[in-house]
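**Student:** Predicted model and sequence below, questions to follow.
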Amino acid sequence: MKRQCCVLFFLMFSVMSFAQKKETLSPKDQHAVEHFKIEYKKKNHKRFEGKITTKDNQIIFDDKITFFEKSDATTSSILQQGLIYPQLLTEYQMDKFLDETTDKTQLRFLKLQKDPKASFDVNNISVKISELPLLNINDKVKRFRVTTKNKNLPNSIIYFIELTNSKASKNMSFEEFLKDAKLTYLDQE
């Protein structure tokens, strides 16, 4: 009897201590949590207003091409809704450069160019969008990691985005969520 009580106590203690442990975050997820905690500034971005064409594993935004995995429904859906698109990323990169650059020679050179955005042109990129459910504040907000890869550049560029749908409810499908969603945050990692 005494032995059974000890075993039962050990099992109960093990279950209780296991239940109290928090799920440990991967370094990538921990970085995302820190990023949103420190860098977050809400801003509304426009949806793509031009022509969106889908062909096989690519989506064309006017004349800019974005590639994605056919089996990746999240990426495909967000791109097809025009929430993320190459022209937005080009504008973002240019604004980021202008905000962060202190080199006056580079700034003057940029102003002298016929088309200053050409230096920041985003085209022919592969995109992978992954939801970060641990960062979703409520049913009206979904946060994602966007990984872009340009074959002309050695490294991927990673962005964090937030989509907000003020009409969202708990049981709403992802497709329904996207219909009225707005891009309320975009920042490079």
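**Tutor:** That came in fine, so what should we check first? Numbering: from 1, shown residues only.

**Student:** all contacts plus neighbour counts: C-alpha atoms, from now on.
**Tutor:** Noted.

**Student:** After the helix or strand of the chain with the lowest mean pLDDT, which helix or strand is next? Please name it.
**Tutor:** Within the chain, no helix or strand scores below helix 2-20, which has a mean of 42 by mean pLDDT, DSSP states H and E. Remark: after helix 2-20, the chain's next helix or strand is helix 27-39, criterion DSSP states H and E.

**Student:** which other residues reach that following helix?
**Tutor:** Applying Cα atoms under 8 Å, 6 or more residues apart in numbering, the contact partners of helix 27-39 are 132, 135, 160, 189.

**Student:** The third one is in contact with residue 145, isn't it?
**Tutor:** Yes - with contacts counted by Cα atoms under 8 Å, residue 160 reaches residue 145, the gap being 4.8 Å.

**Student:** Just to be sure, residue 77 is in a helix?
**Tutor:** Yes - according to DSSP: H, G, I helix; E, B strand; the rest coil, residue 77 belongs to a helix.

**Student:** Give me the pLDDT for residue 153.
**Tutor:** If you check residue 153, the pLDDT there is 80.

**Student:** How about the one 3 residues further on?
**Tutor:** Residue 156 is assigned a predicted lDDT (pLDDT) of 93.

**Student:** Distance check, it against residue 143.
**Tutor:** Note on residue 156: its distance to residue 143, by Cα to Cα, to the nearest Å, is 19 Å.

**Student:** go on, residue 48?
**Tutor:** Residue 48 sits 19 Å away from residue 143, going by Cα to Cα.

**Student:** Which strand or helix spans residue 129?
**Tutor:** Per DSSP H and E, residue 129 falls inside strand 125-131.

**Student:** which residues sit against the lengthiest strand in the chain?
**Tutor:** Identified as the longest strand of the chain according to DSSP state E is strand 141-150. Residues external to strand 141-150 that are found in contact with it (Cα under 8 Å, 6+ apart): 123-133, 135-136, 155-165.

**Student:** got the buried residues for the next helix or strand after it?
**Tutor:** Scanning forward in sequence from strand 141-150 by DSSP H and E, the next helix or strand is strand 157-164. Buried residues in strand 157-164, counted by 16 or more other Cα atoms under 10 Å: 158, 159, 160, 161, 162, 163, 164.

**Student:** any chance of these in TSV, with distance to residue 181 too?
**Tutor:** TSV is the format used below for the buried residues of strand 157-164 (distance: Cα to Cα, whole Å):
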residue	distance to residue 181
158	21
159	18
160	16
161	12
162	10
163	6
164	5
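
**Student:** sorry, back to before: narrow the contacts of helix 27-39 to those that are buried.
**Tutor:** 132, 135, 160.
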